[in-house]
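>>> Sharing a model that was predicted from the sequence below.
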Amino acid sequence: MTTNVTGVECGCSSMIVEIPYSEKAVISIGDEVIFKDAEEKEEYGVVKYINRESADKDKIVFTGKILRRATPNDIQRVESHIDAARMAMEQCKELVSAHKLNMTIFRVGYSFDGSKVYFLFISEDRVDFRNLVKDLAKTVKKQIQLRQIGPRDKARLIGGFGKCGRPLCCSTWLGKFESINMEMVREQALEAKGSSKLSGACGKLLCCLRYEVDAYKDLRKGLPKIGDVVRLKKPAGEATVIALDILNQKMKVILGEGGSIIVEAKEIEKAVNK
């Protein structure tokens, strides 16, 4: 059974919390809201998507719900933690340096009730931060949670614009990061584009490479591969495929007597060595 959800970006942890969709919650994307979290505590967040199929069914907070749009008093309460969060970040940076840990503190947030502090950090390695947590708890005197994030999460939190000129998918509507790999690049014959054109703001392969890969797989069916020798109907003779235009069902071939031409897939009589 499909469970549609509302996705809320939690203000303190920056995680997307998925709550079962309810028509009773009259809200819009971008609204600041107070919701009940997995611990059944009030928390502040921003609505990212509404009435959508869950990005990760195992992480739906079935006990959660949207309680209300954030009131001026709620916003004031959230803002009251800003200075404390800045101080906690500086204290954390000093302790990270003292413990000589290879990590960069990226963001610090207080829970809505002020009892818990979330520290987001970036590191290329796994970090043993047990002693850091102990010292932080003594310094900040709150419950501590440290969470390591990757470059894709960082891009989502910072936001920005993609190569298409639109706001980043990850910072607007994308609820879950899917695996992107070079096989998807090869399926769409994009290898020649180069890494700079295939990488997003995070430095990783573009998330949108996944969007059309299934369509490309269908379109590739029956097409020869690059390097295949094929027999043409017109001009008659054999030729070698050197490039594919999958969307337009065309290919560039080198003729046996030399020279190259663009031919449509329907002009291929058969592949000689397919």
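Yep, that arrived. Residues are numbered from 1 along each chain as shown.
>>> Run through this structure and note the low-pLDDT ranges.
Residues of the chain meeting the criterion pLDDT under 70: 1-2, 270-274.
>>> the longest helix in it is where?
helix 82-98 (DSSP state H).
>>> quick one: strands adjacent to the helix or strand that that one is followed by?
Sequence-wise, the next helix or strand downstream of helix 82-98 (DSSP states H and E) is strand 104-110. Here strand 104-110 is paired, per DSSP bridges, with strand 116-122 (antiparallel).
>>> What residues sit buried inside the helix or strand that the partner strand is followed by?
Helices and strands here follow DSSP H and E; after strand 116-122, the next one along the chain is helix 130-140. Across helix 130-140, burial judged by 16 or more other CB atoms under 10 Å covers L132, D135, L136, V140. Yep, even glycine has a C-beta here, placed from its N, CA and C like the rest.
>>> likewise stretch 16-35?
Buried, per 16+ other CB under 10 Å, within stretch 16-35: I16, V17, E18, I19, Y21, A25, I27, D31, E32, V33, I34, F35.
>>> what's the straight distance from one end of that stretch to the other?
Stretch 16-35 stretches 12 Å from its first residue to its last (CA to CA, to the nearest Å).
>>> Quick one: distance of that stretch to the chain centre.
Here stretch 16-35 is found 21 Å from its chain centre; the criterion is CA atoms, centre = their mean, to the nearest Å.
>>> what's the answer for stretch 244-259, then?
Its chain's C-alpha centre and that of stretch 244-259 lie 36 Å apart, by CA atoms, centre = their mean.
>>> Mind listing residues that contact that stretch?
If you take CB atoms under 8 Å, 6 or more residues apart in numbering as the criterion, stretch 244-259 is touched by 188-189, 216, 219-220, 223-224, 226, 230, 232, 235, 237-243, 260-266, 268.
>>> ranges for the strands of the chain?
Along the chain, counting by DSSP state E, strands occupy 4-10, 16-20, 32-36, 42-53, 65-69, 104-110, 116-122, 143-149, 229-232, 237-245, 250-255, 260-264, 268-271.
>>> I158: which of these is closest?
Between I158 and these, the shortest gap by CB to CB is with strand 104-110, which sits at 9.3 Å.
>>> The closest one versus strand 143-149: what angle between them?
Interaxial angle of strand 104-110 relative to strand 143-149 (axes from the mean of the first three to the mean of the last three CA atoms, to 10 degrees): 140 degrees.
>>> and strand 104-110, C-alpha only, in CSV?
Taking C-alpha atoms only, strand 104-110 is exported to CSV below (Å, rounded to 0.1, in the frame of the first residue of the first chain):
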residue,chain,number,x,y,z
THR,A,104,34.9,20.7,9.3
ILE,A,105,31.9,21.9,11.3
PHE,A,106,29.3,23.0,8.7
ARG,A,107,26.1,23.9,10.6
VAL,A,108,24.8,23.9,14.2
GLY,A,109,21.2,24.0,15.2
TYR,A,110,19.2,23.9,18.4
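>>> thinking again about what came up before, now distance to I158 too, for the strands of the chain, in JSON lines please.
Shown next, in JSON lines, are these (distance: least, CB to CB, whole Å):
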{"stretch": "strand 4-10", "distance to I158": "13"}
{"stretch": "strand 16-20", "distance to I158": "15"}
{"stretch": "strand 32-36", "distance to I158": "19"}
{"stretch": "strand 42-53", "distance to I158": "15"}
{"stretch": "strand 65-69", "distance to I158": "26"}
{"stretch": "strand 104-110", "distance to I158": "9"}
{"stretch": "strand 116-122", "distance to I158": "12"}
{"stretch": "strand 143-149", "distance to I158": "11"}
{"stretch": "strand 229-232", "distance to I158": "48"}
{"stretch": "strand 237-245", "distance to I158": "36"}
{"stretch": "strand 250-255", "distance to I158": "40"}
{"stretch": "strand 260-264", "distance to I158": "42"}
{"stretch": "strand 268-271", "distance to I158": "48"}
